[in-house]
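J.: from the sequence below, what's the structure:
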Amino acid sequence: MSGHTLTYVVGGVCGVLALVAVVALVFVPVVRMYATWYQRVAATVLALVVVGAFAMGGVYAGLSVVDRFLS
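T.: Residues are numbered from 1 along each chain as shown. Predicted coordinates for the structure are as follows:
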């Protein structure tokens, strides 16, 4: 297995594990917390917004580190 293939496999596995962690730690409690379907949909949408905001913040922080140290 070449170095690039190993990098892609490790990145893919880490991505899947991160997705499973977000679903298990954020979306499962959100869905279980509310009784009606419209409350669950609204809570899921709000959770998506919050997770997206944190993801964008992480991408911004990572890109700023890369920009600072590689340019």
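
J.: now the helices for the protein?
T.: 3-22, 28-33, 37-70 (DSSP state H).

J.: only alpha carbons, please: show stretch 50-66 as CSV.
T.: This file holds the C-alpha atoms of stretch 50-66, laid out as CSV (Å, rounded to 0.1, in the frame of the first residue of the first chain):
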residue,chain,number,x,y,z
VAL,A,50,-24.8,24.6,15.4
VAL,A,51,-22.7,21.7,14.1
GLY,A,52,-22.2,23.6,10.9
ALA,A,53,-21.1,26.7,12.7
PHE,A,54,-18.5,24.7,14.7
ALA,A,55,-17.3,23.0,11.6
MET,A,56,-16.9,26.3,9.7
GLY,A,57,-15.0,27.6,12.7
GLY,A,58,-12.7,24.6,12.7
VAL,A,59,-12.1,24.9,9.0
TYR,A,60,-11.3,28.6,9.4
ALA,A,61,-8.9,27.9,12.3
GLY,A,62,-7.2,25.2,10.3
LEU,A,63,-6.8,27.2,7.2
SER,A,64,-5.5,30.2,9.2
VAL,A,65,-2.8,27.9,10.8
VAL,A,66,-1.9,26.5,7.4
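
J.: averaged pLDDT, it. What do you get?
T.: For stretch 50-66, the mean pLDDT works out to 94.

J.: now what about that stretch, what contacts it?
T.: 22, 26 (CB atoms under 8 Å, 6 or more residues apart in numbering). No exception for glycine: its C-beta is placed from N, CA and C like everyone else's.

J.: which parts of stretch 28-39 are buried?
T.: Under the neighbour-count criterion of 16 or more other CB atoms under 10 Å, stretch 28-39 has residue 30 buried.

J.: what's in contact with it?
T.: Residues contacting stretch 28-39 (CB under 8 Å, 6+ apart): 40, 43-44, 47.
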